[in-house]
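Visitor: just a sequence and a predicted model for now, questions to come.
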Amino acid sequence: MQQRETSDKKNLRKSYDKANSILPKTLPYITYDEAKRASRLLVSKFGKLKDASPDNFRPMYKKIRVRKVWVCLSGDPSTLHRGWRRLIHDLAHRIFRFRSPSLPDHCQFQADFEAELVAYVNKSGWLEGDLKPKIVVLSNEEKRLKKIKHLQFLIERWQRKQKIANTFIRKYHKKLKYHTKK
């Protein structure tokens, strides 16, 4: 896909520097689950139908495939190549293209929008780990009770299936009896 560029490189660089200066110098690592939740939350916040161009008749699709470059579990997560910066940069382009399809991909408006996304991520506390899944540590007794509850659920489920199967067997026996009499 050919990239649409702007001619005002000087102001564009200033706008991107502003967006990059809002984020902390050292960023935390980001897991797959965090990237998935962050992308969905950003799209649902900024990809609304009221913000879209008049050509769009439905909101932006929230289930975006997580890119490998968004996940950073080792190395330097503070570069634009991997981690939080890459996730924000890519989503800023996607959402901006949804909002303003006629403007170039790299323009001052897009850079300002990226700065808005960066400020939102900074303010939301996601960089402190708010999106990480909560880890629940269960004792042995709690694990045993959970297993018992699950097994009881499975028994009830199979008993319902058995009741349905018995009903159909009875029904088919009646049909078979009816058709064999003729």
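Guide: Thanks, I have the structure now. These numbers come from a predicted model, not from an experiment.
Visitor: shaky segments in this structure?
Guide: Applying pLDDT under 70 to the chain flags the ranges 1-8.
Visitor: how about the helices in this protein?
Guide: Here the chain has its helices, by DSSP state H, at 9-22, 32-46, 84-99, 108-124, 140-181.
Visitor: what's the domain layout of the chain?
Guide: Domains of the chain are assigned by automatic domain parsing as 9-128, 136-182.
Visitor: need those domains in a markdown table with mean neighbour count, can you?
Guide: Bear in mind the C-beta positions are built from the backbone N, C-alpha and C, glycine included. As requested, those are exported to a markdown table (neighbours: other CB atoms under 10 Å):
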| stretch | mean neighbour count |
| --- | --- |
| domain 9-128 | 16 |
| domain 136-182 | 9 |
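Visitor: contacts for stretch 109-121?
Guide: Residues outside stretch 109-121 that contact it (CB atoms under 8 Å, 6 or more residues apart in numbering): 12, 15-16, 18-20, 22-23, 38, 42, 45-46, 84, 88-89, 91-93, 95-96, 99-100, 103-104, 127.
Visitor: take the helices of the chain and lay them out in CSV including distance to residue 54.
Guide: Below are those laid out as CSV (distance: least, CB to CB, whole Å):
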stretch, distance to residue 54
helix 9-22, 25
helix 32-46, 17
helix 84-99, 11
helix 108-124, 17
helix 140-181, 50
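Visitor: now for the ones you listed, which one comes closest to residue 134?
Guide: Closest of the helices of the chain to residue 134 is helix 32-46, at 11.1 Å (criterion: CB to CB).
Visitor: the closest one packs against which elements?
Guide: On a contact count with 3 or more CB pairs under 8 Å, 6 or more residues apart in numbering; DSSP states H and E, helix 32-46 meets helix 84-99, helix 108-124.
Visitor: so which of the ones you listed comes closest to residue 164?
Guide: Taking the helices and strands packed on helix 32-46 one by one with CB to CB, helix 84-99 is closest: 46.3 Å.
Visitor: report all helices and strands that the closest one contacts.
Guide: If contacts are counted by 3+ CB pairs under 8 Å, 6+ apart, helix 84-99 sits against helix 32-46, helix 108-124.
Visitor: nearest to residue 145 among these would be which one?
Guide: Nearest to residue 145, of the helices and strands packed on helix 84-99 and by CB to CB, is helix 32-46 at 26.8 Å.
Visitor: so what touches that closest one?
Guide: With CB under 8 Å, 6+ apart as the test, helix 32-46 has contacts from 30, 60-64, 66-67, 70-71, 87-88, 91, 94-95, 99, 116-117, 120-121, 126, 131-133.
Visitor: go with 7 Å
Guide: 60, 62-64, 66, 70-71, 87, 91, 95, 117, 120, 126, 131-133 (CB atoms under 7 Å, 6 or more residues apart in numbering).
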